[in-house]
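A.B. asks: Any chance you could fold what I've pasted below:
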Amino acid sequence: VGSLSADKEKLYGSIFSQYLADPENFFVISSDFCHWGQRFRYTFYDKSCGDIWQSIEALDKMGMDAIEQMDPAKFSHYLKEYENTICGRYPIGVLLSAIDALRRNGNGRRMSFKFMNYAQSSRCKKMSDSSVSYASGALLMQ
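C.D. replies: Residues are numbered from 1 along each chain as shown. Purely as a prediction, here's the structure:
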């Protein structure tokens, strides 16, 4: 997908929504979540969460919550506020925009998104540590 503006995410989401609505199609949207550490030039740390790894998890779960709510504006706001290094933020934005387009067009389907697993490559405790987060989720359309 590359780097996209919010307007392009919305445009592509609108285009892909018809394919997302077709039960014959299967989509895989792949992304790591937070790339944390000095080597990634991202060291957000909210000490009120506990250890660094717990702060990373809380940060990721805020983004995951916006995705589970299937709210493209909330996800976009989250990325602007925290600058989390989610490398697949643009394909995720396109997916959320496609879901939003389906909702607006009243396709009659109930949709829900649920994350099923979350992990970190390491549990950071020192500012010199690094980690990449991973999450898996699924969109259910009925």
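A.B. asks: from here on, contacts and neighbour counts on C-alpha atoms
C.D. replies: OK.
A.B. asks: Surely A98 is in a helix?
C.D. replies: Yes. Assessed by DSSP: H, G, I helix; E, B strand; the rest coil, A98 belongs to a helix.
A.B. asks: list the contacts for the nearest residue to it once chain neighbours are set aside?
C.D. replies: Of all residues not flanking A98 in the chain, G13 sits nearest, at 3.8 Å (C-alpha to C-alpha, 6 or more residues apart in numbering). Listed by C-alpha atoms under 8 Å, 6 or more residues apart in numbering, the contact partners of G13 are 93-99, 101.
A.B. asks: again, but for N117
C.D. replies: 135-137 are the contacts of N117 under C-alpha under 8 Å, 6+ apart.
A.B. asks: One more pass at 7 Å, please.
C.D. replies: N117 is in contact with 135-136, counting by C-alpha atoms under 7 Å, 6 or more residues apart in numbering.
A.B. asks: ok, back up a step: buried subset of the contacts of G13 as a ChimeraX selection?
C.D. replies: To isolate the buried members of the contacts of G13 in ChimeraX, using 16 or more other C-alpha atoms under 10 Å:
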select :93,94,95,96,97,98,99,101
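A.B. asks: in which helix or strand would I find the residue nearest to A98?
C.D. replies: Following DSSP states H and E, one finds G13 within helix 6-21.
A.B. asks: tell me the mean pLDDT over that helix?
C.D. replies: For helix 6-21, mean pLDDT rounds to 93.
A.B. asks: And for stretch 57-71?
C.D. replies: Computed over stretch 57-71, the average pLDDT equals 97.
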